[in-house]
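Asker: Sequence plus the predicted model coming up.
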Amino acid sequence: MSEELVEEKMMPATPAPVPARAPASRRWVSLVVTLISFVLAFVTGAIVMVVADPEVLGKFAYFFNAPGDALGASWDKISTAYSALLRGSVGSWLAITETTAQAAPLICAGLGVALAFRAGLFNIGAQGQAIWGAIFGAWIGFTIKGLPWFIHIPIALALAMVFGALWGAIAGFLKAKTGAHEVIVTIMLNYIALYMLQFLLTTPMLQQPGRSDPISSVVEFSATMPRLAGTRLTLGFFIALAAAVAVWWLLERTTLGFRIRAVGLNPHAAATAGMSVSRTTIVAMAIAGSLAGLAGAQAVLTPTLLTGFPTQLSLGIVGTVGFDAITVALLGRSRPLGVVLAGLLFGALKAGGLTMAAEAQTPSDLTNLIQALIVLFVAAPAFVLWLVPGLREKRPGADITAKAATA
Amino acid sequence: MSTPVIVNNTAAGTPPPALRKVEARENRIQRLSTGVLLAVIGLMLVWGTFGTAGDAKIALSDAFDAVQLPTIVLPGAVTVALCAVLVLGAALAYLSGRFNKRAMTIAGVVGGVALLIGFITWAAAGSMAVFTMTNQLQGTLAVATPLVFGALCGALSERAGVVNIAIEGQFLTAAFAGAITGSLTKSLLAALIAAILAGMAMGALLALFTLKYFVDHVVLGVVINLLAAGLTGFLFHQLVGSDTAKYNAVPIMQRIPIPGLEKIPFLGPILFNQTALAYLAILMVPAVWFLLFKTKWGLRVRAVGEHPHAADTVGINVVATKFSSVVLGGAMAGLGGAYFTIGSTGAFRPDMTVGNGFIALAALIMGRWHPVWAALMAVFFGFVTQLGQTLNPLGSPIDSQFLLMLPYVATIIAVAGLVGRVRAPAADGEHFVKE
């Protein structure tokens, strides 16, 4: 047995990207940086759109003979796409409620990622946790019959949260006990959850009798979120808001929340103060998983957007909610209110993206690109400040943000 | 280990026989968890013995080989039982803690080999089809190609102190760039260069935002992955959706048998009948090792990864050194990304890299940030991935989904259980601000 002392160091712990409470002027700069990030992201998106369209790009070949031609075509392309995006997200009462419907799972899963961030953990596993939530939400949704909705839905949500929590806790446990980096473990767990869903959809537990393709029975009406007549505003959105309030209360008003924040800010100090870092890590990942599980359940318990009928569990039902959740948490600065706002923004992008794909023949993947760009710029305030020199000169000590980022 | 005894390490010579060495807590946890893992697997094999009937046929050469080697026929239940006993024995060796380090290593190797043979026999027993070992190993090298490149990319970035979670995104972008350039030019060389450039561009993005704008490395890596997924997804649907024949008719690299060497029985078809990309992967491992450990540049890279301020004091340009290493790593990732399109299946699909970038990262950690060990670990993950592919058509007793899960499960076990304590470059993930 070797008794050599090796410096205890796995890969470095991810510092939670939570800025400390800043003075008013710094917060103002932070707001401006966020807004400029949006502009930059949409401008970059527009450039990509033009470059990726051979027809429009072809007009640039004779740019110097007739610049109006190329510019006009580009402007047409960009304005059609972005106006469809705007119409589909906030253009009408229906569009606005569609935005809330898209935002609800994003907010839940985003809260999961954000809460893990506050504990110093990077939870990339919201996708897998949401898949387990969807599996058990749907399972309760179609196996139990004859319950009133106000009992059926809570049961389905509760079981979804339990299994999401278990899946999250695996990563927390491995991180706490063996030091396995949670980014790698959660990514691997995402793929395992996806294959488990694929497998379970071929077993009698989930597969609809008489079907040979991987699809489950239709969820009962009693387990489907009621929605306001004529709109797409469902109970799910209010559950997401309630979850945000609950997470705020947990983080700011309870001992557990204090422990989570303490471990996230400085695990060594927390351990010195007598907190159990490993237990806090596991609990934080479990709560994060339960929130992602809630997002997965929302995906199967929300009525189909167009018809309002109950939906059924299929392979792609949770979409990319787990990955969008990362961008939501990063943009929301890991704070519940921020997550709600970021969730609404990205929900609007998703809602508008569908309209954009339908009306402007622009693939809705563009919104994923814009989402990632926004977060990229928001995460790099030093870059935005460098790009906009006017902003930099207003503050003494231009690279305070940069220095703060290194702390 | 009931009474802790203090051992004076600095004393010359061996400690008196009365004193027993004290096992560090971490070592103990790692030894016990490995033991428990082996025990669980051993018990699963015992359980598998009861369901095993018939023989497992393992071929050492496939039907087209010049030299036909015999097909090994293993009696299913007996072999699985024997392997189960060996795995359990290894588990006991770990759990008892009475053996020295060398004996434990031997126990680990025996347990691991028994586990593999037992698993293959269990899965292949009773099947009419034959488990072809040459296909398995040849496939291993092919599947491991991107993982080796990814691990080398990781080694180059992380030795320079830049945590690279973005290998996945670099793969994806390079795969797309290779596919689109390949379809437009019909030239494999152009496609390969485009893939390399795409990987380098993503590497440069990573380097720029971490080194100049001080974004957290892990956050940025994840964002770059999302960015790559969004960008390639959008371009794919925009271009390929409009004209598949023009944009997604990708030329594929053919296998190049090396004359003479490929005729060697068993080893020939495995090692010497691969694509150019696989040969390049094999060549790049010693090349990167040489670069990192035998050149002035490599010494500088390692210096800025371990202690950037010390390196700065002796006049090394820290940021430039880190930048060059990360971008060179990007070229490696670009080669790895090329495998997914021009190196194997041709056409691009969104998110086709399915976590390989992260498996490469796990290989890097298991290989303790050393290019050669990391590449060997990448080959191991390739073996596990290929095992699922080889066993699938045999009609094995497990569902194909579980076979597809194998590499991911192996990765988790690897980073959680078997790695033990590893030491990253000291300044990995830290920002460097010149005083």
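Answerer: Cool, got the structure. Keep in mind it's a predicted model, so treat the numbers as computed, not measured.
Asker: Now do A:Gly257 against B:Tyr94, distance only.
Answerer: 40 Å (CB to CB, to the nearest Å). In short, each C-beta sits where N, CA and C put it, glycine included.
Asker: Please disregard the earlier target; I meant B:Phe290.
Answerer: Counting by CB to CB, the separation of B:Phe290 from B:Tyr94 is 36 Å.
Asker: got it, and B:Gly355?
Answerer: Counting by CB to CB, the gap from B:Gly355 to B:Tyr94 is 29 Å.
Asker: Can you tell me the centre-most residue of chain A?
Answerer: In chain A, the C-alpha closest to the average C-alpha coordinate belongs to A:Ala325, at a distance of 1.1 Å (CA atoms, centre = their mean).
Asker: B:Phe290 and B:Tyr94: which is more packed in?
Answerer: Taking other CB atoms under 10 Å in any protein chain shown, B:Phe290 and B:Tyr94 do not tie; B:Tyr94 has more neighbours (23 against 12).
Asker: That one contacts B:Leu32, correct?
Answerer: Yes: between B:Tyr94 and B:Leu32 there is a contact under CB atoms under 8 Å: 7.4 Å.
Asker: could you pull out the strands for the stretch 1-150 of chain B?
Answerer: B:55-59, B:71-75, B:131-132 (DSSP state E, counting those that start in this stretch).
Asker: low-confidence ranges in the chain?
Answerer: You didn't pick a chain, so chain A it is. In the predicted model of chain A, residues A:1-24, A:390-407 satisfy pLDDT under 70.
Asker: wrong chain, I was asking about chain B
Answerer: Ranges of chain B meeting pLDDT under 70: B:1-21, B:63-67, B:396, B:417-422.
Asker: how does it divide into domains?
Answerer: Domains of chain B are assigned by automatic domain parsing as B:25-128, B:133-418.
Asker: A:Leu121 is nearest to which of those?
Answerer: Closest approach to A:Leu121 among the domains of chain B is made by domain B:133-418 (10.7 Å; CB to CB).
Asker: Any chance of CSV for the domains of chain B, columns distance to chain A?
Answerer: Shown next, in CSV, are the domains of chain B (distance: least, CB to the nearest CB, whole Å):
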stretch, distance to chain A
domain B:25-128, 6
domain B:133-418, 3
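Asker: ranking these by burial, who's on top?
Answerer: With neighbours taken as mean count of other CB atoms under 10 Å in any protein chain shown, the domains of chain B reach their highest mean count in domain B:133-418, at a mean of 22.
Asker: Give me every residue in the stretch 201-350 of chain A lying close to chain B.
Answerer: Selection of the stretch 201-350 of chain A residues close to chain B by CB under 8 Å from any CB of the partner chain yields A:Thr202, A:Phe323, A:Ile326, A:Thr327, A:Leu330.
Asker: In helices, which of those residues appear?
Answerer: Of those, the ones assigned to helices by DSSP state H are A:Phe323, A:Ile326, A:Thr327, A:Leu330.
Asker: can you list the residues that contact stretch B:278-291?
Answerer: Contact partners of stretch B:278-291, identified using CB atoms under 8 Å, 6 or more residues apart in numbering or on different chains, comprise B:141-142, B:144-145, B:148-149, B:152, B:155-156, B:256, B:297-298, B:332, B:335, B:370-372, B:375.
Asker: returning to what we had before: CSV for the ones in helices among the residues of the stretch 201-350 of chain A next to chain B, including neighbour count?
Answerer: Formatted as CSV, those follow (neighbours: other CB atoms under 10 Å in any protein chain shown):
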residue, neighbour count
A:Phe323, 24
A:Ile326, 27
A:Thr327, 28
A:Leu330, 28
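Asker: wait, which of those is closest to B:His309?
Answerer: Within those, distances to B:His309 taken as CB to CB reach their minimum at A:Leu330, with 29.4 Å.
Asker: is it true that the closest one touches B:Val223?
Answerer: Yes: the pair A:Leu330 / B:Val223 is scored as a contact, 7.2 Å apart, by CB under 8 Å.
Asker: ok, and for whichever strand or helix holds A:Ser25, which residues are buried?
Answerer: Using DSSP states H and E, the element containing A:Ser25 is helix A:24-51. For helix A:24-51, burial by neighbour count (16 or more other CB atoms under 10 Å in any protein chain shown) applies to A:26, A:29-30, A:32-34, A:36-38, A:40-42, A:44-46, A:48-50.
Asker: Report the distance from it to the chain centre.
Answerer: How far helix A:24-51 lies from its chain's middle: 19 Å, per CA atoms, centre = their mean, to the nearest Å.
Asker: ditto for stretch B:395-405
Answerer: 21 Å.
Asker: For whichever strand or helix holds A:Asp76, give me every contacting residue.
Answerer: Element membership for A:Asp76 (DSSP H and E) is helix A:67-90. By CB under 8 Å, 6+ apart, the residues outside helix A:67-90 that reach it are A:42, A:46, A:49-50, A:53, A:55-56, A:59-60, A:62-63, A:95-96, A:98-99, A:348-349, A:351-356, A:358-360, A:362, A:366-367.
Asker: Can you say which of the residues you listed are buried?
Answerer: A:42, A:46, A:49-50, A:53, A:56, A:59-60, A:95-96, A:98-99, A:348-349, A:351-356, A:360, A:362, A:366-367.
Asker: Can you list which of those are found in helices?
Answerer: Judged by DSSP H, helices contain the following of those: A:42, A:46, A:49-50, A:56, A:59, A:95-96, A:98-99, A:348-349, A:351-356, A:366-367.
Asker: If anything else comes up later, I'll come back, but that's it for now.
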